[in-house]
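[1] Fold the following and give me the result.
(2 chains)
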Amino acid sequence: MKFCPKCKVKIENNLEICPLCQRPVQPLDDVFVTEYPSHPSRRRLVTLMKVIGFLAVLLITGTVLLSAFSNFQWVWSLVVIAAVVYLGVSIVLVVKSSKNIGLLVMIQALSLSVLTFLIDHAFGYYRWSINYVIPFLAIAGTLLITLILLFRPMALRDFFIYLLVIALLGGFSGIMLLCRWVTVAWPSVAAALYCVATLAGLFLFADRRARHEMKKRFHL
Amino acid sequence: MNQNYQEFYWNKLDNAAKMYSAVSREQATNVFRLSVQLSSPVEPDTLQTALEQALRDMPSFQVKLRKGLFWHYFETNFAAPRVRQDYTYPCAKIDRNITNGYLFRLTYFSCHVHLDMYHVLADGSGALQFLKLILAYYLEQQHPGTPFAQLLPDGEWGFSRGGQEENSFLHYRAPQTAPSSGDGTGPVGSGALGAGAEASAPAFVPKEQPKTASAIPKGLQAYRIEGVKVLGGELKMITGVCSAKGLIGLVKAAKKPVTAYLTALLIYSIYRQSFQYHQQNRPVSVCVPVNLRNFFPSSTLRNFFSNVSVTLDLFRKNPSFEEILEQTTDQLAKKQESTALEAKMKGNAHVEQSMLIRIIPLFLKRMVLGLMYRKNDKLHTSSLSNLGRIVLPEEFAPYVLRFEAHLPVSPRQPVKLGVCSYGDNMAFTFSCALEETDIPQFFFRFLQQQGLEITIGCNEPAAADTSAEPAKKERRKRRKGHEVLPQMQGEN
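    Next comes the predicted model:
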């Protein structure tokens, strides 16, 4: 114990100055209490995000400047900006969702779809993104989560919502086919069929769990 | 419970938890800590087993928080809980990667067991029952022969899971026909301070009585304690312990309730050390959570409390402590009437149950609720939470020495006070996000001048420890050729 003559209080920690008035204290005896770690840790995720943000700003401004000096080829700088934003978001999400593969797969499938569509659109819109990339992304994502679920049936409650969203991406491919936006039919047909099959399997074979998940996830 | 039950168990969040789950972040963690000092150093393995046994008895804590499209919800957590040595600041945000998805953090340090509880899961009373149960199982293993867990009063935890998880806010709100008094965040007492209780009574009635509950709380922005902020993520804890009997004697002499006395003292400390030097014409308002289990027959482990605010206009009034005490007692008594509490619960439930709020997707809801939370945060200068007298069967007495309650700070309330007593130890814990310690200093000096013996504890690194870290810095400085300055000894 220590004693602060100014505040007239005892201090149970082994301190040199009084925590109340910051003045030197007098020793009383050698019995001290330690309630807290002396060098506690603080979270540092914010710093990583700041570094990524800073690099992204540097890259984007550099690209815009470069394009300004090379006959204003804005298209290229837009592609770089989209790619940088995608990369930054991906890194942050990988760090944040390192324990949830389903979330990772879903985010990648969705953001890659958007990114490739933007690139395709920027360079003449030859429709390779909606013809091939999006349907195959939907198939790959659904397949990946289905495989995980086959080995770990208990993980359904973790992955259900992501499976649903990626399957809807496949469904969206089918809709694009019906609207005649897609010029090559077979990948979209395959994706739509595969996703319908997955959803049918999910609700038929895991009907109770699937319904239960729907109830939980969408309760008002 | 069997696998099937655990797998299909899920539950909605209660009224307050919905708010907390949406608005919590690093700066406003909404994680509070209950800390208990034992007579001997903690054995981690025994504590781990005790935690597992306690979770078996209170499965409502064995949950994780999931996101739905519209609301969060609870679901059984199959991962093993993890007991660790204390590694971070009290009330720091709970990193669910470290706690395996659990919404609480059970840590130990030398003779102390700390339970950091996310407010989404339980309030002080619920967390305390959980901690008591963990302690009972811990002591049972250390001292075989005494059935500590069975000594705990049965009513405290031996009820059904439905009772443990009841959303008591919805159960005990006022009936639909009763007039609503709005969100009840507290009218601002505009009555002159120092006037008699009768004269200032009308000041407690809000001037415009809102017809329906409003999502955005109304009221005047409260006085804000300003100062130099501590580093991000850190928190300064200052605990003062005094004799509970001594304090009760003091309070009895003033003929006032304990909470009112302490609230008045906190307001007086804020006035003397901060308010009177800053000419902000804003009321000093202290938020006092009330445990609604004392008013309604609920035994839920989830949140069941209500915030009552004491608001005093002190601008150019130069009040004495007695005047503040009189006003505080008066306001607390008025707002703690059960009709007022019921009406307030109804107002809150009304907001939660309005379809307009419910159909907003979660990510947008977080923004709306965040706005409400920040607005509400501005209405209070500080908070005081009194857990009251903690009672344990007398068999625990040789092993359990002291309880402490630590509150998390929020951006507008950088200094908060948690109070609880156990045996003859009454512990006041200030959580400060400011470097200044004026307010705790005045608070404890005041009690000391009333004749109480105060023992202070804090989370400043001990003298022996500080030498280790600066040694590195000194070496670095020497290498650079700087002269090493003697460490500054405070402000004088």
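[2] surely B:Ser306 meets B:Cys287?
    No: using CB atoms under 8 Å as the test, B:Ser306 is too far from B:Cys287 to be in contact (10.5 Å). C-beta here means a position set from N, CA and C on the backbone, and glycine is covered the same way.
[3] now the helices: where do they sit in chain A?
    For chain A, applying DSSP state H gives helices covering A:45-69, A:74-96, A:101-122, A:128, A:134-151, A:156-178, A:185-205, A:207-217.
[4] Which part of chain A gets nearest to chain B, residue-wise?
    Nearest residue of chain A to chain B, counting by CB to the nearest CB: A:Gln22, 3.2 Å away.
[5] what's the spacing between A:Ala206 and A:Phe160?
    From A:Ala206 over to A:Phe160 the distance is 9 Å, taken as CB to CB, to the nearest Å.
[6] If you count surrounding residues, which of these two has more?
    Neighbour count, other CB atoms under 10 Å in any protein chain shown: between A:Ala206 and A:Phe160, A:Phe160 has more, with 22 against 16.
[7] Looking at stretch B:66-74 now, give me its mean pLDDT.
    Average pLDDT, stretch B:66-74: 90.
[8] That one near chain A at all?
    Yes: contact of stretch B:66-74 with chain A (CB under 8 Å from any CB of the partner chain) involves B:66, B:68-71, B:73.
[9] Show me how chain A divides into domains.
    For chain A, automatic domain parsing gives the domain ranges A:1-37, A:46-96, A:100-220.
[10] for the ones you listed, which one sits closest to B:Gln336?
    Among the domains of chain A, the nearest to B:Gln336 by CB to CB is domain A:1-37 (31.9 Å).
[11] residue in the stretch 301-450 of chain B nearest to chain A?
    In the stretch 301-450 of chain B, no residue comes nearer to chain A than B:Gln441, which is 4.1 Å away by CB to the nearest CB.
[12] mind checking how far the residue of chain A closest to chain B is from B:Asn4?
    As for A:Gln22, its distance to B:Asn4 is 60 Å (criterion: CB to CB).
[13] More neighbours: these two, which one.
    When neighbours are counted by other CB under 10 Å, A:Gln22 comes out ahead of the other of A:Gln22 and B:Asn4, with 17 against 8.
[14] any idea how far A:Ala82 is from the more buried one?
    A:Gln22 is 54 Å from A:Ala82, by CB to CB.
[15] any low-confidence regions in chain A?
    Scanning chain A for pLDDT under 70 picks out A:43-46, A:72-73, A:97-99.
[16] So which residue is dead centre in it?
    Closest to where the C-alpha atoms of chain A average out (CA atoms, centre = their mean) is A:Leu93, at 3.0 Å.
[17] Please enumerate the helices of the stretch 351-492 of chain B.
    Counting by DSSP state H, counting those that start in this stretch, the segments of the stretch 351-492 of chain B that form helices are B:355-358, B:362-377, B:438-449, B:463-466, B:468-480.
[18] can you pull the contacts of A:Arg209?
    Going by CB atoms under 8 Å, 6 or more residues apart in numbering or on different chains, A:Arg209 touches A:156-157, A:160.
[19] Of these, just say which sits nearest to A:Pro187.
    Nearest to A:Pro187, judged by CB to CB, of the contacts of A:Arg209 is A:Phe160 at 25.7 Å.
[20] The closest one touches A:Lys215, doesn't it?
    No: using CB under 8 Å as the test, A:Phe160 is too far from A:Lys215 to be in contact (11.2 Å).
[21] mind listing what residue 41 touches?
    Just going to use chain A. Contact analysis of A:Ser41 by CB under 8 Å, 6+ apart lists B:87-88.
[22] wrong chain, I was asking about chain B
    B:Pro41 is in contact with B:110-111, counting by CB under 8 Å, 6+ apart.
[23] Give me the distance between stretch B:391-402 and the centre of its chain.
    23 Å (CA atoms, centre = their mean, to the nearest Å).
[24] Span of it from start to end?
    11 Å (CA to CA, to the nearest Å).
[25] sec struct for the nearest residue to B:Arg25 once chain neighbours are set aside, please.
    In this structure, B:Arg25 finds its nearest non-sequential neighbour in B:Lys93, 7.3 Å apart by CB to CB, 6 or more residues apart in numbering or on different chains. Following DSSP: H, G, I helix; E, B strand; the rest coil, the label given to B:Lys93 is coil.
[26] give me the number of residues near B:Lys93?
    Count around B:Lys93 with other CB under 10 Å applied: 21.
[27] residues contacting it?
    B:Lys93 is in contact with A:43, B:24-26, B:29, B:31, counting by CB under 8 Å, 6+ apart.
[28] Now for the residue nearest the centre of chain B: which residues touch it?
    Centroid-nearest residue in chain B, with CA atoms, centre = their mean: B:Leu407, separated by 4.1 Å. By CB under 8 Å, 6+ apart, B:Leu407 lies in contact with B:32, B:91, B:383, B:385, B:416-418, B:429, B:431.
[29] let's go with 7 Å and repeat that
    Neighbouring residues of B:Leu407 by CB atoms under 7 Å, 6 or more residues apart in numbering or on different chains: B:32, B:383, B:385, B:416, B:418, B:431.
[30] Those residues in strands, which ones?
    Residues of the contacts of B:Leu407 located in strands (DSSP state E): B:32, B:383, B:385, B:416, B:418, B:431.
[31] What residues are recorded as beta-bridge partners of the closest residue in space to B:Thr259 that isn't next to it in sequence?
    Excluding the flanking residues, the one nearest B:Thr259 by CB to CB, 6+ apart is B:Asn386, at 4.7 Å. Taking DSSP bridges, one obtains B:Val419 as the residues bridged to B:Asn386.
[32] can I assume B:Asn386 is in contact with B:Ser421?
    No: taking contacts as CB atoms under 7 Å, B:Asn386 lies outside contact range of B:Ser421: 9.0 Å.
[33] Now do the residue of the stretch 151-300 of chain B found nearest chain A, the pLDDT please.
    Here the residue of the stretch 151-300 of chain B nearest chain A is B:Gly233; by CB to the nearest CB that distance is 3.8 Å. At B:Gly233, the pLDDT value in this model is 78.
[34] Kindly report the same for the one 4 residues further on.
    Among the per-residue scores, B:Met237 shows a pLDDT of 93.
[35] so how many other residues sit close to it?
    25.
[36] ok, now A:Leu59?
    Neighbours of A:Leu59 using other CB under 10 Å come to 17.
[37] Any residues of chain A in contact with chain B? List them.
    Residues of chain A lying close to chain B by CB under 7 Å from any CB of the partner chain are A:7-17, A:19-24, A:33-43, A:99, A:157, A:212, A:216-220.
[38] Filter those down to just the buried residues.
    Taking 16 or more other CB atoms under 10 Å in any protein chain shown as the criterion, what is buried in the residues of chain A next to chain B is A:7, A:9-15, A:17, A:19-22, A:24, A:33-37, A:40, A:157, A:212, A:216-217.
[39] Quick check: next helix or strand after the least confident helix or strand in chain B by mean pLDDT?
    Taking mean pLDDT, DSSP states H and E as the measure, chain B has helix B:197-200 as its least confident helix or strand, at a mean of 32. Using DSSP states H and E, the helix or strand that directly follows helix B:197-200 along the chain is strand B:236-243.
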